[in-house]
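Chemist: Everything below, folded, please.
(2 chains, ligands or ions: 2)
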Amino acid sequence: MDKRKIGTEEAKQVTKDRGQIMEDGSRQITMQDEHQSSGLHPASSVAEKIRVERLNFYYGSKIALSDVSISILDRRITALIGPSGCGKSTFLRCLNRMNDTIKGARAEGTVLLDGKDIYARGTDVVELRRRVGMVFQRPNPFPQSIFENIAFGPKVLGLHRDKKDLTDIVEQSLRGAVLWDEVKDKLKQDALGLSLGQQQKLCIARSIAVKPDVILMDEPCSALDPIATLQIEQLMQSLKTDYCIVIVTHNMQQASRVSDHTGFFWLGKLVEFDSTELIFTRPRQKLTEDYITGRAG
Amino acid sequence: MNFNLAPNESSTLTMEKPKAERSTWSEFLVESSIRVVGFSTIGFVVLIFLFLLREGLPIFYEVSPGNIFGTRWYPTFDIFGSLPLILGSAYVTVASILIALPLGVCTAVFVREVAPQWTREILKPLIEVLAGIPSVVLGFFGMHVIAPLVRTNLDAPTGLTAFTGALLLAYMSLPTIISVAEDALDAVPKSYRDAALAMGATKWQTIWRIVVPAARSGIATAVMLGMGRAIGETMAVMMVTGNAARMPLSFNSLFMPVRTMTATIAAEMGEVASGSVHYHALFGIGIMLFILTFFINLVAAKAIFKKRYRGGLR
Ligand SMILES: Nc1ncnc2c1ncn2[C@@H]1O[C@H](COP(=O)(O)OP(=O)(O)OP(=O)(O)O)[C@@H](O)[C@H]1O
Ligand SMILES: [Mg+2]
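Modeler: Ligands and ions are numbered 1, 2, ... in the order given. Just a heads-up that it's a prediction; the model follows:
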């Protein structure tokens, strides 16, 4: 109880600080960091993909996210960390409006994808979800064949012209997810017969089959063993060249290994957001430092 | 109970022992009476089956197999061809399932996936009430409302046809199909829906391409149970199918009178002499019917059991 209370106060304090940072403009900050951490890239290649401004989110009357502002860059991996129940999944689901399916859930503020507000009236949510794919915590392939799992998206969206085209998309997606060699001889088999790690790769392949811009991953490795985890991480690195990836993880090492930027959530607030290197070496906030070193959370 | 209120400790202690003994005694009584009731129920079922065998088996050696499985049923001339009756039952049942399956699945999808909460709360008990309408009432309704409609619309000589029976049976098996199919849809994990929606599928694409196929074994169970219900149904079918024992071999037979196994037994049992060949023949048909429904229910039960075992169907 006490700890929680203190946490809230700290978080309040932090938001105040954060507010000052915000006035400078968070976008500028991230861009600067980008130059610091990877000076090789010219500024033009690191476009801002998603920009969230003052996002509040409610489950009924309960507030789950308050005043979250963040700028997520294309072709980068952004990791979100924080203790259980702090709203990481909620935030992730705001980015493709999967929260719409929850009764009584409500979002306030703006989420810009390529500069367009996805919560604006008249937004095509189906098209939004095609552009912003999602990989879930537990591998959840459909109870169908491996081929059908990948082909489902292209089929319902009408992305293929003929059967040959569809087969090509399936092969490309499986290759993209480094799963092709393992399953090319058993495309007709039930996807649930694969190992968990393979199932998760299949889910990643399935989400890239509809040619999204962004891939959201909610603790994609939490059901996997270390070897499968490593494979998924390598896969993320290879996908990074084409996609904007946002990953939620409870694993600090994973965040520091794979991501370019890290955001730290605490009780529904984004406490700190910076380049991963800075977050893990010189965090600005005491709370972040405590959490990362295992003293809080 | 009062013993617990005993004023001092020693009396509580002394009372404890007999109380414990009594509880084991009553427990023994309850347990053994439940066991007796349980076993006797199973015993009765076995006895009924034995009775059915005793009365029905003789027909299989009283007349030649060629006669029993012949195509004509004329008991007064000792011709007991059961094929038209078996086919009649199968024809009406299959036709009724073909009608009830799409209706039932669509209704289940509507109730489970589309209808708003309040509609669902009205519809679900309503569907259960449908199951409670006595079949003779439905038969009456079929005779006086559906049969004339069938006759005038199809320009048939009579409205008492296999099709009329199939319509009624479809209606009667709908409640079973709907509620079992709805359970099956309900058991489809939310993660499948989420995955499909997150990929950019619409609600309908998600339902028809992911949720319904994922529930297919439960839906198959629903159909088997509906079939079990339909094939054993007697009263309504007897009242509306016209009861002509002819071979239903073509599609046109759907709009002609037909006679089922159940209707034959019910109609003729009253007028046969106990122990006669005709009497044995009717019981023989009873055995066939029993075996048929037994297997249908076995298949359905197996599917349900498998689902339960995997934690699917509730
Ligand atoms: N469907 C829901 N209805 C009501 N409240 C919810 C719902 N989903 C989440 N919450 C609440 O919102 C808060 C944030 O939940 P969320 O799942 O986003 O946390 P998280 O950071 O992803 O946690 P974890 O690390 O355990 O996955 C929690 O307090 C949770 O209880
Ligand atoms: Mg979560």
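Chemist: is stretch A:82-91 up against ligand 1 anywhere?
Modeler: Yes - using C-beta under 6 Å from any ligand atom, stretch A:82-91 reaches ligand 1 at A:G82, A:S84, A:G85, A:C86, A:G87, A:K88, A:S89, A:T90. The way it works is simple: take the backbone N, C-alpha and C, and place the C-beta from them, glycine included.
Chemist: Need the distance between the two termini of that stretch.
Modeler: Stretch A:82-91 has an end-to-end distance of 12 Å (C-alpha to C-alpha, to the nearest Å).
Chemist: related to what we said a few turns ago, report the two of the residues of stretch A:82-91 next to ligand 1 separated the most.
Modeler: A:S84 and A:T90 (12.2 Å; C-beta to C-beta).
Chemist: Have a look at those two and say which one is more surrounded.
Modeler: Higher neighbour count among A:S84 and A:T90: A:T90, with 23 against 8, using other C-beta atoms under 10 Å in any protein chain shown.
Chemist: Find the helix or strand that that one is a member of.
Modeler: Assigning secondary structure by DSSP states H and E places A:T90 in helix A:88-95.
Chemist: Which residue ranges of the chain form strands?
Modeler: Since no chain was named, I'll use chain A. A:48-59, A:62-73, A:77-81, A:105-113, A:116-117, A:132-135, A:214-218, A:244-248, A:261-266, A:269-275 (DSSP state E).
Chemist: switch to chain B, that's the one I care about
Modeler: So, for chain B - with DSSP E - the strands run B:73-74, B:79-80.
Chemist: Would you reformat the ones you listed as CSV and include mean neighbour count?
Modeler: Output for the strands of chain B, formatted as CSV (neighbours: other C-beta atoms under 10 Å in any protein chain shown):
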stretch, mean neighbour count
strand B:73-74, 16
strand B:79-80, 20
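Chemist: Which residues of chain B lie near chain A?
Modeler: B:189, B:191-202, B:205, B:209-210, B:213-214 (C-beta under 8 Å from any C-beta of the partner chain).
Chemist: residues from the stretch 51-200 of chain A in reach of ligand 1?
Modeler: For the stretch 51-200 of chain A, the residues in contact with ligand 1 (C-beta under 6 Å from any ligand atom) are A:Y59, A:A64, A:G82, A:S84, A:G85, A:C86, A:G87, A:K88, A:S89, A:T90, A:I102.
Chemist: how close does the closest residue to A:F142 other than its chain neighbours sit to B:R54?
Modeler: Nearest residue to A:F142, sequence neighbours excluded (C-beta to C-beta, 6 or more residues apart in numbering or on different chains): A:N149, at 5.4 Å. For A:N149, the distance to B:R54 (C-beta to C-beta, to the nearest Å) stands at 56 Å.
Chemist: who's more crowded, the two?
Modeler: The residue with more neighbours, out of A:N149 and B:R54, is A:N149; 27 against 11, by other C-beta under 10 Å.
Chemist: The more buried one reaches A:Q199, doesn't it?
Modeler: No - in this structure, A:N149 is not within contact of A:Q199 by C-beta atoms under 8 Å, at 9.4 Å.
Chemist: overlap in contacts of the two?
Modeler: By C-beta atoms under 8 Å, 6 or more residues apart in numbering or on different chains, A:N149 and A:Q199 have these common neighbours: A:P141, A:A191.
Chemist: By proximity to chain A, which residue of chain B wins?
Modeler: Scanning chain B for proximity to chain A using C-beta to the nearest C-beta identifies B:G200 as nearest, at 3.1 Å.
Chemist: How many residues are close by that residue?
Modeler: B:G200 has 25 nearby residues by other C-beta under 10 Å.
Chemist: what residues are up against it?
Modeler: By C-beta under 8 Å, 6+ apart, the neighbours of B:G200 are A:V126, A:E127, A:R129, A:R130, A:R131, A:G153, A:V156, A:L157, A:V210.
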